[in-house]
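Undergrad: Kindly return the folded structure for what I paste below:
(2 chains)
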Amino acid sequence: MTQNDKYFIEQCLDGRPDEFRHLVTRYQPAVNAYLTSQLHNLSNAEDAVQETFVRAYFGLKELKKRESFSSWLLGIANRVAKEQVRNRMPLADMEELAAQQTAEPNDSDDLKLQRAFAQLPDAYREIILLRFYANQSCQQIAQNLTMPLGSVTKTLSRAYAQLRQLLEQQKAEENEVSQ
Amino acid sequence: MRCDECREKLVDYIEGFLPEQEAQQLQSHLGQCSQCRTELDQLTALGQRLTSDAKNRQSADVENRVINRIICEQNKQLKEAAVKKRQSFLWRIIMKARITKLAAAAVILIAVLIGINQFGGSIAVANVAWSQVVEQLNRYEKYKCRQRVVREDGTQLPTMNIYHVNLSLRRQEVEDGSIHIIDMREKDAITVELYPAQKKAIVTKMLGSGPKKDPDIIDMVKRFEQISTEKLGTKKQNGQILSGFRHQPNKYNDFIVWVDPKTKLPVEIELKHPQQKQTIFMDEFEFDFKLDISAFSTDIPDGYTVETIINDYRPVEPKEITAEDIQSRLNHTAYTIKKLPWIEKMVTIEMIDPLGTKALVYITGMQSDDGNTVIIIQGNYYDMTRMVWIPKQQFVLETQAGTKLYLHPNSAKYASLFLESLAKANPEFFNTKNISEERFAQMIVMPDGTVLGMAANKTLSNEKLQQLVDSLTKVKTNESNSQ
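TA: This is a model prediction of the structure:
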């Protein structure tokens, strides 16, 4: 059984920064997925991922509810993304990203999924991030977001539906283009 | 169950939240309704697609970069904190970090590894035969053997015949036709590689690295204690009966020696290095071989082209150095040692770290009026951010000023390395013949986190230790340098 977030946070606060590694491992996919969906530029997203974790580490003392580390972390990622968008680059549109990506195809990247994911409303995106990218159970999500378990599964169900709809829409658009 | 009801409950079903009865109803509906089954399959597939996308985003690089940035940021904060005199909290953070521990572990490892070739251990089985082997071996200094190295990964290393005159002089005849002469009898050790086919010679001079005895495998075998050598029985090889012995001094070395019972001399030696995944085989032994001494000459035959490589291992010449000298070389606080009434003679020397780190260290040697020799060691890597292992060692004392002393984990070895280096650098100051069993080493941790090593040839009273530590005077701090 792996340790919970609270344990690692306490270790960090007790002066063991290397224990933060476990939290980075655990939440890196979620932070990465979130930031790619916001920044639409992979190299900027990588910087932003690091920045998010470093800020989180130095902000651990401020985190009151340690069980909610994941949603707190995504909040930091959100601020980092906004800053990057404001300070560094004009918002690149998804077509440009897609063009970039077709130039350098990477088999492991599910670009269609990423594009659909980027278009999800915040609430749905958050639940997908926590469930699949942070690998949390619905109970953990309910605890983190302070919402009833039933609402979590309902939101998840709607998030699924919307994600599927977005994916189908993409497919339809592609078919139109190719015809 | 109707289709809309079923679909509403699918996520709960996938997540395993459906009460048993409802789950059964849903399953029975799924059994009959192919559309709802497709719906379930699609949901599951989407979940898998998300999970696999998440996996693709995992990169170990990010973790390392984040931790590195945190450590860098903390170091920066630490410096600022030092100025503001609120160090203690951050020191605590950094010193507990595994990353800093690893860096320090490298330093301590060197000290630990040095002990490897000291064959100790004991298995309480009296074995007269082994002692006879050692007795026979000790009659010979000169021997010849064939040496092969077999690596588990299949890499071939050249087989060679080695002629050992003694531990400082040997000739290697390699299967590729080249000949190596290794002569470590003089102050400047020399190796000559002769390539007769190409009429080429490579001469490597190792200035200041000799005179040196290079312990070879036979030398190690000679030191096996009979009680720790296991008897393996016999084997027949080429019509000859051989007696086997096995000795495993540690996990790094596993020796098997096959001996001719008539001569009591080795016929075959196998040395397995499990960690390096290789085995060294030695056979075709000839003890007291006949080979003209000219075969060991490092003179280059006529007509050869010579390439010379010079490696300078000479210690930095001993010189009295002042506080300014040390301060100009150290990246952290440097200390001077006040001449106490019981100290008769002092010398400060810059030298290559005898622990093998290749760093420069600054040692202050002292002779006391009761014949003791004490050394204080300073160096760039002597600080608490690197030597985080220190607080785990045996605590010795703390002075009023807050300086703490800990026993070095490899106390005697550390002390002898520094005492030997002092003797080498300044033979008049200390003679290695006088090295004492009482020798010890301690680590001095100053309140600002600077570490100094201390080695003494003989026991030092706590009173003198205190006086010595109290006499350490700060020369400079990083801050005063950078500001």
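Undergrad: give me the number of residues near the residue in the stretch 301-450 of chain B that chain A sits nearest to?
TA: Closest contact between the stretch 301-450 of chain B and chain A, by CB to the nearest CB, is at residue B:388 (11.6 Å). C-beta: built from backbone N, CA, C; applies to glycine. The number of residues packed near residue B:388 is 21, by other CB atoms under 10 Å in any protein chain shown.
Undergrad: ok so it is a strand residue?
TA: No: checked against DSSP: H, G, I helix; E, B strand; the rest coil, residue B:388 lies outside a strand; its state is coil.
Undergrad: isn't residue B:251 right next to residue B:275, touching?
TA: Yes: with contact defined as CB atoms under 8 Å, residue B:251 counts as touching residue B:275 (7.1 Å).
Undergrad: Residue ranges in the stretch 351-483 of chain B under the pLDDT threshold?
TA: Scanning the stretch 351-483 of chain B with the threshold set as pLDDT under 70 gives B:356-358, B:476-483.
Undergrad: in stretch A:161-175, what's buried?
TA: Within stretch A:161-175, the residues scored as buried using 16 or more other CB atoms under 10 Å in any protein chain shown are A:162, A:163, A:164, A:166, A:167, A:170.
Undergrad: Alpha carbons of it, as PDB, please.
TA: Output of stretch A:161-175 as PDB, limited to C-alpha atoms (Å, rounded to 0.1, in the frame of the first residue of the first chain):
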ATOM      1  CA  ALA A 161     -20.400  11.500 -22.200                       C
ATOM      2  CA  GLN A 162     -19.000  14.900 -23.100                       C
ATOM      3  CA  LEU A 163     -15.600  13.600 -23.800                       C
ATOM      4  CA  ARG A 164     -17.000  11.000 -26.100                       C
ATOM      5  CA  GLN A 165     -19.200  13.600 -27.800                       C
ATOM      6  CA  LEU A 166     -16.100  15.800 -28.400                       C
ATOM      7  CA  LEU A 167     -14.200  12.900 -29.800                       C
ATOM      8  CA  GLU A 168     -17.000  12.000 -32.200                       C
ATOM      9  CA  GLN A 169     -17.300  15.600 -33.300                       C
ATOM     10  CA  GLN A 170     -13.600  15.600 -34.100                       C
ATOM     11  CA  LYS A 171     -14.100  12.400 -36.100                       C
ATOM     12  CA  ALA A 172     -17.000  13.900 -38.000                       C
ATOM     13  CA  GLU A 173     -15.000  17.100 -38.800                       C
ATOM     14  CA  GLU A 174     -12.000  15.000 -40.000                       C
ATOM     15  CA  ASN A 175     -14.400  13.000 -42.300                       C
END
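Undergrad: Quick check: residue B:283 touching residue B:146?
TA: Yes: taking contacts as CB under 8 Å, residue B:283 lies within contact range of residue B:146: 5.5 Å.
Undergrad: Okay, now the unreliable bits of the stretch 201-350 of chain B?
TA: B:312-320.
Undergrad: Show me the helices in it, by range?
TA: Taking DSSP state H, counting those that start in this stretch to define them, one finds helices in the stretch 201-350 of chain B at B:217-222, B:323-329.
Undergrad: Looking at the ones you listed, which one is packed in the most?
TA: Among those, helix B:217-222 has the highest mean neighbour count (mean count of other CB atoms under 10 Å in any protein chain shown), at a mean of 18.
Undergrad: State whether residue B:441 is indeed within a strand.
TA: Yes: looking at residue B:441 with three-state DSSP, it is inside a strand.
Undergrad: residues touching it, list them.
TA: B:407, B:408, B:410, B:411, B:412, B:414, B:415, B:418, B:453, B:454, B:455, B:456 (CB atoms under 8 Å, 6 or more residues apart in numbering or on different chains).
Undergrad: Let's see that with 7 Å instead.
TA: Going by CB atoms under 7 Å, 6 or more residues apart in numbering or on different chains, residue B:441 touches B:408, B:411, B:414, B:415, B:453, B:454, B:455.
Undergrad: May I see those arranged in TSV, with neighbour count, secondary structure and distance to residue A:13 as well?
TA: Formatted as TSV, these follow (neighbours: other CB atoms under 10 Å in any protein chain shown; DSSP: H, G, I helix; E, B strand; the rest coil; distance: CB to CB, whole Å):
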residue	neighbour count	secondary structure	distance to residue A:13
B:408	21	coil	33
B:411	18	helix	36
B:414	25	helix	36
B:415	25	helix	40
B:453	22	strand	34
B:454	24	strand	36
B:455	26	strand	39
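Undergrad: with the residues you listed in mind, which one is nearest to residue B:470?
TA: Comparing the contacts of residue B:441 against residue B:470 with CB to CB places residue B:454 closest, at 13.2 Å.
Undergrad: Give me the distance between that closest one and residue B:74.
TA: 29 Å (CB to CB, to the nearest Å).
Undergrad: And residue B:28, by the same measure?
TA: Counting by CB to CB, the gap from residue B:28 to residue B:74 is 60 Å.
Undergrad: quick one: buried residues of the host helix or strand of residue B:163?
TA: Using DSSP states H and E, residue B:163 falls within strand B:160-166. Using 16+ other CB under 10 Å as the test for burial, strand B:160-166 gives B:160, B:161, B:162, B:163, B:164, B:165.
Undergrad: same thing with stretch B:132-142?
TA: Those would be B:133, B:134, B:136, B:137, B:140, B:142, for stretch B:132-142 by 16+ other CB under 10 Å.
Undergrad: correct me, but the fourth one touches residue B:220?
TA: No: between residue B:137 and residue B:220 no contact is recorded; they are 10.9 Å apart, counting by CB atoms under 7 Å.
Undergrad: what does the stretch 1-150 of chain B put close to chain A?
TA: B:11-12, B:15, B:17, B:42-43, B:46-47, B:49-51, B:53-54, B:56-58, B:62-63, B:65-67, B:69-71, B:73-74, B:92-93, B:96-99 (CB under 7 Å from any CB of the partner chain).
Undergrad: so after the lowest-mean-pLDDT helix or strand in chain A, what's the next helix or strand?
TA: Every helix and strand of chain A was ranked by mean pLDDT, DSSP states H and E. The lowest is helix A:94-103, at a mean of 42. Counting by DSSP H and E, the next helix or strand C-terminal to helix A:94-103 is helix A:111-118.
Undergrad: Export only the CA atoms of that following helix, formatted as CSV.
TA: Once non-C-alpha atoms are left out, helix A:111-118 reads as follows in CSV (Å, rounded to 0.1, in the frame of the first residue of the first chain):
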residue,chain,number,x,y,z
LEU,A,111,-3.5,14.0,-29.7
LYS,A,112,-7.2,13.5,-30.4
LEU,A,113,-7.9,12.7,-26.8
GLN,A,114,-5.8,15.7,-25.7
ARG,A,115,-7.7,18.0,-28.0
ALA,A,116,-11.0,16.8,-26.7
PHE,A,117,-9.8,16.9,-23.2
ALA,A,118,-8.7,20.6,-23.6
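Undergrad: Phi first, then psi, for residue B:391.
TA: Torsion angles at residue B:391 (phi, psi; degrees, to the nearest 10) stand at phi -60, psi -10.
Undergrad: Now it: closest residue in space, sequence neighbours ignored.
TA: Distance criterion CB to CB, 6 or more residues apart in numbering or on different chains; nearest residue to residue B:391, sequence neighbours excluded, is residue B:406 at 7.1 Å.
Undergrad: Can you tell me the strand partners of the helix or strand containing that neighbour and which way each runs?
TA: Here residue B:406 sits within strand B:404-407, counting by DSSP H and E. Strand B:404-407 pairs in its sheet with strand B:395-398 (antiparallel), strand B:440-445 (antiparallel), by DSSP bridges.
Undergrad: Buried among the residues of the stretch 1-150 of chain B next to chain A? Make that a PyMOL selection.
TA: Buried residues among the residues of the stretch 1-150 of chain B next to chain A (16+ other CB under 10 Å), as a PyMOL selection:
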select buried, chain B and resi 11+12+15+17+43+46+47+49+50+53+54+56+57+62+63+65+66+67+70+71+74+93+96+97+99
